[in-house]
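**Q** From the sequence below, what's the structure:
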Amino acid sequence: MESADVSQAAIVAFERAFHLLAANESGLMPETEIRPAEDLPRYDDICPSGGGAADAGLLDRAVMLKLNGGLGTGMGLEKAKSLLAVRDGQTFLDLIVRQVLFARRVTGSHLRFLLLNSFSTSQDTLEHLARYPELGDPLALELLQNKVPKIDAASLAPVEWPADPEMEWCPPGHGDLYPAILGTGLLRRLLDEGYLYLFVSNSDNLGATLDPALLRWFADSEKPFVMEVTARTAADRKGGHLAVRSADGRLVLRESAQCPEEDMEVFQDITRHRYFNTNNLWLRLDHLAEALEKNGGLLPLPVIRNRKTVDPRDKKSPAVYQLETAMGAAIECFDHAGALVVPRSRFAPVKTTSDLLALRSDAYQITEDGRAVLAPERGGIPPEIVLDSDHFKLVDQLDAALAGGVPSLLHCRRLEVRGPHAFSSGERFAGDQVIGG
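**A** This is a model prediction of the structure:
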């Protein structure tokens with residue numbers, strides 16, 4: 001890692017993760033050690049009118065950072081997922097830039113904009129950002145994610161793969177935000193320049209905007225860390241949830257990998273554990289600096305042990321561990337950290353082509369300031385789309401099926417497509433529809 005010029009902060013974080021792996025620390029969080037998170041503040045209570053006027057003074061001290069390390073390989077992409085077209089040729093990244101420039105224009109502030117890129121997404125993203133000279137030097141907008149060695153599952157040594165040495169490395173998950181912002185010196189520079197508030201969200205979640213009302217509430221709360229959560233539905237039951245650790249009353253994030261098998265049924269009980277992490281986080285930069293210093297330059301996050309093959313396309317290649325951390329898990333590292341229940345509209349990520357079809361349809365509207373919002377007729381509920389994975393798993397397959405135009409989903413509750421189908425702009429789906437099969 002030193003010979004690859006990986007920062008000392010990233011090395012310290014990796015050393016800790018590796019020692020936990022070598023000690024076979026499970027990181028399990030039994031149900032007996034936690035209780036449900038309850039009585040959380042709600043967005044509708046703190047922002048009863050649905051928002052408020054932007055405060056230029058606060059925006060001048062705010063940083064909006066988008067996680068942009070993903071390639072979208074699950075949908076067949078080989079470039080930054082944020083460069084995927086959403087509407088009228090506009091990509092996720094174009095719409096995010098529109099949000100930033102709109103906020104600056106209407107308030108006269110200089111909202112700081114950053115992207116956490118990986119070594120896989122950096123070049124494509126920086127080339128695209130060059131279209132926006134008003135943003136300044138694209139390199140000044142980038143926080144580059146670290147890389148860490150893949151660990152040979154048999155020997156626990158760094159794996160060797162001469163056929164493609166780049167495959168010996170992997171990104172360490174978005175929990176790497178903390179070593180990256182420390183190790184590059186960016187955290188200190190931001191504080192020296194007067195920035196205090198950091199809002200972080202995923203680049204594929206156009207519902208996650210830097211809401212001025214939320215910024216005001218977060219600033220007034222004086223909390224070091226706030227996680228936006230929203231209500232779990234049946235579709236979310238296998239995902240992680242927020243809880244309270246009984247021993248010290250701290251909020252914690254429990255992922256399925258941290259749940260003992262005997263507790264899995266209660267883990268998936270959405271009436272007991274009601275909230276999940278949207279990955280929209282608010283941090284006070286001064287408190288982050290203090291927490292990192294207190295812990296020797298790292299945050300002691302739970303380690304996610306992903307077992308894969310060194311070449312993900314060759315299942316016969318050696319088995320490896322990829323050690324990752326999640327940035328939301330840092331909620332347990334701060335005294336007086338909080339959570340806020342937000343509307344589902346602030347969580348609209350695109351993980352599959354089904355999500356992308358819904359976003360491209362008239363079920364969503366793109367606002368002047370670059371937000372993707374559900375059409376008023378939807379009543380805040382997105383359509384449920386189920387596309388046949390044999391024919392629609394890849395973006396290229398969806399694009400081919402939409403050659404005749406995007407159908408109307410404005411009044412569709414659920415659409416299931418079985419087998420191939422060529423859509424057209426003249427199609428109108430309403431209620432529950434099943435095509436083919």
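**Q** which residue ranges form the helices in the stretch 301-437 of the chain?
**A** 353-360, 389-392, 395-401 (DSSP state H, counting those that start in this stretch).
**Q** Dump these to JSON lines, plus mean neighbour count.
**A** For every residue, glycine as well, the C-beta is placed using N, CA and C. Compiled in JSON lines, the helices of the stretch 301-437 of the chain are given as follows (neighbours: other CB atoms under 10 Å):
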{"stretch": "helix 353-360", "mean neighbour count": "22"}
{"stretch": "helix 389-392", "mean neighbour count": "16"}
{"stretch": "helix 395-401", "mean neighbour count": "16"}
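**Q** In TSV, list the ones you listed along with mean pLDDT and distance to residue 367.
**A** What follows is the helices of the stretch 301-437 of the chain, written out as TSV (pLDDT from 0 to 100; distance: least, CB to CB, whole Å):
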stretch	mean pLDDT	distance to residue 367
helix 353-360	94	13
helix 389-392	95	28
helix 395-401	95	24
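**Q** Could you dump the ones you listed into CSV with distance to residue 375 added?
**A** Converted to CSV, the helices of the stretch 301-437 of the chain look like this (distance: least, CB to CB, whole Å):
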stretch, distance to residue 375
helix 353-360, 11
helix 389-392, 23
helix 395-401, 21
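**Q** Out of those, which gets nearest to residue 181?
**A** Closest to residue 181 of the helices of the stretch 301-437 of the chain is helix 353-360 (CB to CB; 28.9 Å).
**Q** From the chain's centroid, how far away is the closest one?
**A** Computed by CA atoms, centre = their mean, to the nearest Å, the chain-centroid distance of helix 353-360 equals 17 Å.
**Q** In its sheet, which strands sit next to the worst-scoring helix or strand of the chain on mean pLDDT, and in what direction?
**A** In the chain, no helix or strand scores lower on mean pLDDT, DSSP states H and E than strand 372-374, which sits at a mean of 87. Using DSSP bridges, the strands paired with strand 372-374 are strand 364-366 (antiparallel).
**Q** any low-confidence regions in this structure?
**A** Screening the chain residue by residue with the criterion pLDDT under 70, one finds the ranges 49-53.
**Q** pretty sure residue 304 is touching residue 170, no?
**A** No - using CB atoms under 8 Å, residue 304 and residue 170 do not qualify as a contacting pair, with a distance of 11.9 Å.
**Q** what about residue 364, how many neighbours?
**A** The criterion is other CB atoms under 10 Å. On that basis, residue 364 has 24 neighbouring residues.
**Q** State the distance spanning the first to the last residue of stretch 388-399.
**A** Across stretch 388-399, the straight-line distance between its terminal residues is 14 Å, by CA to CA, to the nearest Å.
**Q** What of stretch 409-427?
**A** Terminal residues of stretch 409-427 lie 9 Å apart, using CA to CA.
**Q** Comparing residue 304 and residue 170, which residue is more hemmed in?
**A** Taking residue 304 and residue 170 together and counting by other CB under 10 Å, residue 170 has the greater number of neighbours (23 against 19).
**Q** and that one, how far is that from residue 81?
**A** Here the criterion is CB to CB, to the nearest Å. By it, residue 170 lies 17 Å from residue 81.
**Q** same thing with residue 173?
**A** If you go by CB to CB, the gap between residue 173 and residue 81 works out to 16 Å.
**Q** in the stretch 201-350 of the chain, which spans are strands?
**A** 225-231, 241-245, 251-254, 275-284, 304-309, 319-324, 338-341 (DSSP state E, counting those that start in this stretch).
**Q** Nearest to residue 409, out of those strands?
**A** Across those, residue 409 has its closest neighbour in strand 225-231 (21.7 Å, CB to CB).
**Q** Check what contacts the closest one and list those residues.
**A** Contacts made with strand 225-231 from outside it, assessed by CB atoms under 8 Å, 6 or more residues apart in numbering, are listed as 37, 40, 208, 214, 218, 242, 251, 253, 274-278, 280-284, 287-288, 328, 330-331, 333-334, 337-344, 346-347.
**Q** ok and it relative to strand 241-245, angle-wise?
**A** 120 degrees (axes from the mean of the first three to the mean of the last three CA atoms, to 10 degrees).
**Q** okay, strand 225-231 in PDB with CA atoms only?
**A** Coordinates of each C-alpha in strand 225-231 appear next as PDB, following Å, rounded to 0.1, in the frame of the first residue of the first chain:
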ATOM      1  CA  PHE A 225     -23.900  13.500  12.900                       C
ATOM      2  CA  VAL A 226     -27.400  13.000  11.600                       C
ATOM      3  CA  MET A 227     -28.600  10.100   9.400                       C
ATOM      4  CA  GLU A 228     -31.700  10.500   7.300                       C
ATOM      5  CA  VAL A 229     -33.900   7.400   7.700                       C
ATOM      6  CA  THR A 230     -37.200   6.400   6.200                       C
ATOM      7  CA  ALA A 231     -39.900   3.800   6.900                       C
END
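**Q** Name every strand pairing with it and say which way it goes.
**A** Paired strands of strand 225-231, with direction, are strand 275-284 (antiparallel), strand 338-341 (parallel) (DSSP bridges).
**Q** Would you reformat the ones you listed as CSV and include distance to residue 11 and mean neighbour count?
**A** CSV is the format used below for the strands paired with strand 225-231 (distance: least, CB to CB, whole Å; neighbours: other CB atoms under 10 Å):
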stretch, distance to residue 11, mean neighbour count
strand 275-284, 23, 23
strand 338-341, 32, 20
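**Q** so where do the strands sit in the stretch 51-200 of the chain?
**A** Residue ranges of the strands in the stretch 51-200 of the chain, as given by DSSP E, counting those that start in this stretch, are 62-68, 85-87, 90-91, 112-117, 142-144, 148-149, 151-152, 169-170, 197-202.
**Q** to the chain's geometric centre, what's the distance from the fifth one?
**A** Average the C-alpha atoms of strand 142-144, do the same for its chain, and the two points are 16 Å apart (CA atoms, centre = their mean).
**Q** just stretch 417-435 next, same as before
**A** Worked out by CA atoms, centre = their mean, stretch 417-435 lies 30 Å from the chain centre.
**Q** One more: stretch 318-330?
**A** The offset between the C-alpha centroid of stretch 318-330 and the centroid of the whole chain comes to 15 Å, using CA atoms, centre = their mean.
**Q** Now the terminal residues of it, how far apart.
**A** Between the opening and closing residues of stretch 318-330 lies a distance of 32 Å (CA to CA).
**Q** Pull out the buried residues from it.
**A** For stretch 318-330, the neighbour count (16 or more other CB atoms under 10 Å) marks 318, 320, 321, 322, 323, 324, 325, 326, 327, 328, 329, 330 as buried.
**Q** cool, stretch 19-33 as well?
**A** Buried residues in stretch 19-33, counted by 16+ other CB under 10 Å: 20, 21, 29, 31.
**Q** quick one: residue 149 and residue 116, what's the gap?
**A** Separation of residue 149 from residue 116 (CB to CB): 20 Å.
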